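Novice: based on what follows, work out the 3D shape:
(8 chains)
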Protein chains: 8
Amino acid sequence: MPKVGILMGSRSDLDVMREASKILDDFEVSHEMKVISAHRTPERARDYSLTAEKRGLQVIIAGAGAAAHLAGFLAAHTILPIIGVPLDGSPLKGFDALLSTVQMPGGVPVASMAIGKAGARNAALFAVQILSRGDADLVAKLNLYKQQMRAEIEAMEI
Amino acid sequence: MPKVGILMGSRSDLDVMREASKILDDFEVSHEMKVISAHRTPERARDYSLTAEKRGLQVIIAGAGAAAHLAGFLAAHTILPIIGVPLDGSPLKGFDALLSTVQMPGGVPVASMAIGKAGARNAALFAVQILSRGDADLVAKLNLYKQQMRAEIEAMEI
Amino acid sequence: MPKVGILMGSRSDLDVMREASKILDDFEVSHEMKVISAHRTPERARDYSLTAEKRGLQVIIAGAGAAAHLAGFLAAHTILPIIGVPLDGSPLKGFDALLSTVQMPGGVPVASMAIGKAGARNAALFAVQILSRGDADLVAKLNLYKQQMRAEIEAMEI
Amino acid sequence: MPKVGILMGSRSDLDVMREASKILDDFEVSHEMKVISAHRTPERARDYSLTAEKRGLQVIIAGAGAAAHLAGFLAAHTILPIIGVPLDGSPLKGFDALLSTVQMPGGVPVASMAIGKAGARNAALFAVQILSRGDADLVAKLNLYKQQMRAEIEAMEI
Amino acid sequence: MPKVGILMGSRSDLDVMREASKILDDFEVSHEMKVISAHRTPERARDYSLTAEKRGLQVIIAGAGAAAHLAGFLAAHTILPIIGVPLDGSPLKGFDALLSTVQMPGGVPVASMAIGKAGARNAALFAVQILSRGDADLVAKLNLYKQQMRAEIEAMEI
Amino acid sequence: MPKVGILMGSRSDLDVMREASKILDDFEVSHEMKVISAHRTPERARDYSLTAEKRGLQVIIAGAGAAAHLAGFLAAHTILPIIGVPLDGSPLKGFDALLSTVQMPGGVPVASMAIGKAGARNAALFAVQILSRGDADLVAKLNLYKQQMRAEIEAMEI
Amino acid sequence: MPKVGILMGSRSDLDVMREASKILDDFEVSHEMKVISAHRTPERARDYSLTAEKRGLQVIIAGAGAAAHLAGFLAAHTILPIIGVPLDGSPLKGFDALLSTVQMPGGVPVASMAIGKAGARNAALFAVQILSRGDADLVAKLNLYKQQMRAEIEAMEI
Amino acid sequence: MPKVGILMGSRSDLDVMREASKILDDFEVSHEMKVISAHRTPERARDYSLTAEKRGLQVIIAGAGAAAHLAGFLAAHTILPIIGVPLDGSPLKGFDALLSTVQMPGGVPVASMAIGKAGARNAALFAVQILSRGDADLVAKLNLYKQQMRAEIEAMEI
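Specialist: A predicted model of the protein is given here:
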């Protein structure tokens, strides 16, 4: 039973959202990836979010571009933490997706990450951070990740 | 049975959205106004849009601010024409609402109007234009409206 | 006699605006496509809009870039519903066209769609939605379209 | 017979556009002010621009807010120099009006000034600069104006 | 021992950030509020984040305006989930704070909320959602909160 | 003795600014092109503008990118009409150049055109419009140009 | 003989720029304040910058709004470090001034600070930092300033 | 012992930041280049800035993209002058990095340069200008640089 759901509004978003999946693989966090659109498959998005908690999901990551409503749609239907990844999928370069994702009204939070791949990676890391609140093993892995990232940069010479 | 539904995400939007209602009153087009939020009352928004066509609604106008998903949410659930009015309800002055309303993905159209009161008025006029496609009386009223608007400006002296 | 007119400010916009034409073909809605510029052929634009209603047109779709005035120009001259498609045709990536199209003053509505191809497709769908108000056959086709779109996404596997 | 026409899309723009009129008064340049809207009185705007040259007008100044099409509309119909003044008349603070005014397509120039009162004043000064090309008296007055402006600032003490 | 830390870069941010505190009070989640600035008290910010986990904090909420680095600074020093609230504290209306908060590089996530009070409220709710992953009582309270919010809007009449 | 000066801040702007030169060639208006930078050769820019009127120049066109000060610099030193062309020469795509060119303070007008090639072409046309105020031959040519532009578009078939 | 010059384009900028003066007073750094405009008093601006070094000035701070060219103008004429303060003096809220100040071409640096009062204060502090490179007394004062700022925030209780 | 430190948040920024190094080489100013990230190696960034003054550094240049906190982070820890170079490293084209770099709160100045290579070059030149305050040789070199830049542009023919 997956703990994290990674949803994206269109199959063309897979290249970016796979970054989230890779991070979760690295942390050995079970997850599933699905194409679900708030605008094109609203019933499926509703079902997914209404049943998510019962199915054992702990966090949902939603990537979408343009008028990116997916994360907000999910947040409207569940009390699970929703992480939004704005995608660069229109001439406005993800700026539209960022505002559509982050400017949620009071009462229905979405945690927005950066536009694009950096955001997808961070969405996964943030999901791990959430899960780590009850899991000492993940805390250890997060500390190791931070350490390795630091070491990698410190090894860079110019 | 109302032909036009005017929805708004919050009661604080009423001052702006009433502009739409006034125009519809002027054109004697039956309508209803309701506070329905895509994020805070998603089931109500879903029910409204899923049953709208059957209840005889012909057009729905949706005003919302910030990450304004209401119009897009409705459009996802019905084939009725949805008109979105972005509202100036966050520090970003409606710019966020505009992009959230207008940048819809292919397949699920929302007709976006201008931010704020001008947009609310035009949403109503556009609803009348849609209804006028099968109603010669509304065509006449629209022509009269255009004439009066013109006359009013032409009467302005400096 | 075409029901929908698709206008564009320049022949270079054809690649994008043909997306609207394809959708109308799919819905078997008669239409015509023309290059008419509000700035370079204003008399032609005026004639087109002043005679549109009499010639049987029901909706006009106008695509333009930069200081995109075409949709607003048409709306000034007719009571037919005008749908504007902002095009990505300047270094500002359609952002200028979007504001020029959507920020219409009260009294003269233009229904703005998203920038570029998504907007062109949605303009056609919105035109069909308008026409469907008096045409049960189009309602059926719109429902089928929505169904197929949903099925297509639901069939996507990762 | 006025040499400069000052047009504005709405009577509410008068407060700003009167700045242009004051400058022309200072330079003793004959002018007229009118409320003419590209969207609400297009025929009047067309007549004004089509007959402007014959009536002896040399330059037209057009102030408008939001989707500010007035200057571009005039430029489409006449070969007279058109000066556009974007006005701060929507929640977007004149940013929409600026892009709608300045981003004209090749072939139909509009000379855009700054948003608001500074722009209105400069529109008048620019009109005087144009007229000065055949008028030594205006050249002298422009030089004097520049001198006085300089002296005024140099007299400021802190 | 508080579970949530609410930090703000300046005492003038208290009016906004108290919204977060009120929500946590409603959910009976222990928390502390402190003025800590990434730029003016970096050592204090460092100490706070380096010791946060040991002191039993589970989530940190950081509100800051302009070049809002506080949330990112904290995220650099701890593996606890950091929630950023961009504040409207410069002429750019929080737009600068939003980009400074949300556009974090891959590897160091910050969960950005909306600009201002809506964001502060949602930061607290999101913190509760995180804590609810191991606390059935908070799940119940979140469901009740959602229900009450819905009921409140449904009770609105026009 | 040239009537129009075309200046540009860098030789790399030549590709765009040559569009202005071509139009002036078409209208047989004498002109010169020079690389002069407000920031890198300020004395040359000063000399050019201070002596421009005496040397018989009637209009100056200035193209510059980024913090595009060239047009404003010239306008500060001469009462000749200055036309600014913002160029797309930084990651901000000419948006910076546009604001630097158009937002001139009251008292020192610059006539801003669109960003890039369309702007360069229109700068030349606007210069011709200015010169046409005392030159019936240019009026005739401008009318012909407008006619040909119209005919060209009307000949486009789809 | 003052070490720092504080220039501003208009007397109305005094309220903001006095913040810089106050900081320099606190650090006992001699300075002068003058109203000098790149656009309205270019010769004075040129003289000021060409003679600044000889007169013993070490740093110049320039505050300006809208198409804020003052800092860049000075930088074009002197090798002294120029610090620019973009001011919120147009409907675009200082956003235009920021881009006009910061986006300088390679070869002519301007050090841009934040928009408005925070920027004016920091301009003075940055000037002190520059002067401190050869002045141990200023280093001590800067360390004290940082200490006091820290203490002030740490004393804040909620 | 280097006088200038050039830091960058990621090795991928080297191509841009090397422009700064080249300029310092031309001026024979000793310097070092390092990859140090405010977010990924905060302790290293802290150590670097806390010890910079003692190690004899006079100026630090920091290049970073997206939520570019590096320059501000350094400025929080040292009284040395910090020059920030916003980099074009996200879909928002450096616009995010610009605001994150320049909009610093009062008390902690960062001198922001333009986005990208022009900014990197100017950061180095500005560092030289700072160092030149106590070094007549650098003054002479800066004057020569300005002269050569001028000569180079004046030699350009069209």
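
Novice: do stretch A:91-111 and chain C meet?
Specialist: Yes: Stretch A:91-111 reaches chain C (Cβ under 8 Å from any Cβ of the partner chain) through A:91-93. The C-beta positions use only the backbone N, C-alpha and C, and glycine is treated the same way.

Novice: ok, now stretch A:124-143?
Specialist: No: interface with chain C: stretch A:124-143 contributes nothing (Cβ under 8 Å from any Cβ), its closest point being 15.3 Å away.

Novice: check the separation of the first and last residues in that stretch.
Specialist: Terminal residues of stretch A:124-143 are spaced 15 Å apart (Cα to Cα, to the nearest Å).

Novice: list the contacts for the nearest residue to A:Glu53 once chain neighbours are set aside?
Specialist: Using Cβ to Cβ, 6 or more residues apart in numbering or on different chains and skipping residues adjacent in sequence, the residue nearest A:Glu53 is A:Leu80, 5.7 Å away. Taking Cβ atoms under 8 Å, 6 or more residues apart in numbering or on different chains as the contact definition, A:Leu80 lies against A:49, A:52-53, A:57-60, E:129.

Novice: now secondary structure and pLDDT too, for these, in JSON lines please.
Specialist: Formatted as JSON lines, these follow (DSSP: H, G, I helix; E, B strand; the rest coil; pLDDT from 0 to 100):
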{"residue": "A:Ser49", "secondary structure": "helix", "pLDDT": "98"}
{"residue": "A:Ala52", "secondary structure": "helix", "pLDDT": "98"}
{"residue": "A:Glu53", "secondary structure": "coil", "pLDDT": "97"}
{"residue": "A:Leu57", "secondary structure": "coil", "pLDDT": "98"}
{"residue": "A:Gln58", "secondary structure": "coil", "pLDDT": "98"}
{"residue": "A:Val59", "secondary structure": "strand", "pLDDT": "98"}
{"residue": "A:Ile60", "secondary structure": "strand", "pLDDT": "98"}
{"residue": "E:Gln129", "secondary structure": "helix", "pLDDT": "98"}
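
Novice: so which bits of chain A are right by chain C?
Specialist: Along chain A, the residues adjacent to chain C under the rule Cβ under 8 Å from any Cβ are A:10-11, A:14, A:33-37, A:40-41, A:43-44, A:66-67, A:90-93.

Novice: the residues you listed also near chain G: which ones?
Specialist: Applying Cβ under 8 Å from any Cβ to these, none is adjacent to chain G.

Novice: so which of the residues you listed sit within strands?
Specialist: Counting by DSSP state E, the residues of chain A next to chain C place A:33-35 in strands.

Novice: most surrounded residue in those residues?
Specialist: With neighbours taken as other Cβ atoms under 10 Å in any protein chain shown, the top of those is A:Val35, carrying 23 neighbours.

Novice: check what pLDDT the residue lying closest to that one once chain neighbours are set aside gets.
Specialist: Leaving aside its chain neighbours, A:Val35 sits nearest to C:Met156 (4.3 Å; criterion: Cβ to Cβ, 6+ apart). pLDDT for C:Met156: 88.

Novice: A:Ile83 is in contact with A:Ala123, isn't it?
Specialist: Yes: look at A:Ile83 against A:Ala123 with Cβ atoms under 8 Å: they come within range, at 4.6 Å.

Novice: identify the contacts common to the two.
Specialist: Jointly contacting A:Ile83 and A:Ala123 under the rule Cβ under 8 Å, 6+ apart are A:61, A:113.

Novice: now do the buried residues in the longest helix along chain A.
Specialist: Ranked by residue count, the top helix of chain A under DSSP state H comes out as helix A:136-154. Under the neighbour-count criterion of 16 or more other Cβ atoms under 10 Å in any protein chain shown, helix A:136-154 has A:138-139, A:141-142, A:145-146, A:149-150, A:153-154 buried.
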